[in-house]
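[1] show me the folded form of this:
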Amino acid sequence: MSAAKKIKITQIRSVIEQRENAKRTIRALGLGRPNYSVIKNDTPQIRGMINAVRHLVRVEDVK
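    Residues are numbered from 1 along each chain as shown. As a prediction, the model looks like this:
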């Protein structure tokens, strides 16, 4: 059984002057400040959250 695929999510923009939904999604992803990164499993739920704040984050595959 192979390990789950991982992705690195980096916040690239501040949540100041963003909608409340975007602020809550960023916090739920474990982010909070620009240039912070987290590594998460690549699941449909995480991808949906990323899609909601795609203008604030950068996503990379982790080897």
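[2] ok, then the element right after whichever strand or helix holds residue 39?
    Per DSSP states H and E: residue 39 is located in strand 37-41. The element immediately downstream of strand 37-41 (helix or strand, assigned by DSSP H and E) is helix 44-52.
[3] and residue 9, how many neighbours?
    Residues within reach of residue 9, counting by other CB atoms under 10 Å, total 22. Yep, even glycine has a C-beta here, placed from its N, CA and C like the rest.
[4] contact partners for it?
    Neighbouring residues of residue 9 by CB atoms under 8 Å, 6 or more residues apart in numbering: 29, 31, 37-40, 46, 50, 57-59.
[5] quick one on the thing from earlier: who are the packing partners of the strand holding residue 39?
    With contacts taken as 3 or more CB pairs under 8 Å, 6 or more residues apart in numbering; DSSP states H and E, strand 37-41 sits against strand 6-11.
[6] and the angle from the strand it packs on to strand 37-41?
    150 degrees (axes from the mean of the first three to the mean of the last three CA atoms, to 10 degrees).
[7] how long is stretch 47-63 end to end?
    Its start and end residues considered, stretch 47-63 measures 18 Å (CA to CA, to the nearest Å).
[8] nope, stretch 9-23 is what I was after
    15 Å.
[9] model confidence over it, on average?
    On average, the pLDDT along stretch 9-23 is 97.
[10] kindly report the same for stretch 27-41.
    The model assigns stretch 27-41 a mean pLDDT of 97.
[11] what residues does that stretch touch?
    Counting by CB under 8 Å, 6+ apart, 4-15, 26, 46, 49-50, 53, 57, 62 sit against stretch 27-41.
[12] and with 6 Å instead?
    By CB atoms under 6 Å, 6 or more residues apart in numbering, the residues outside stretch 27-41 that reach it are 4, 6, 8-11, 14, 46, 49, 62.
[13] quick check: the farthest pair among the residues you listed?
    4 and 14 (30.1 Å; CB to CB).
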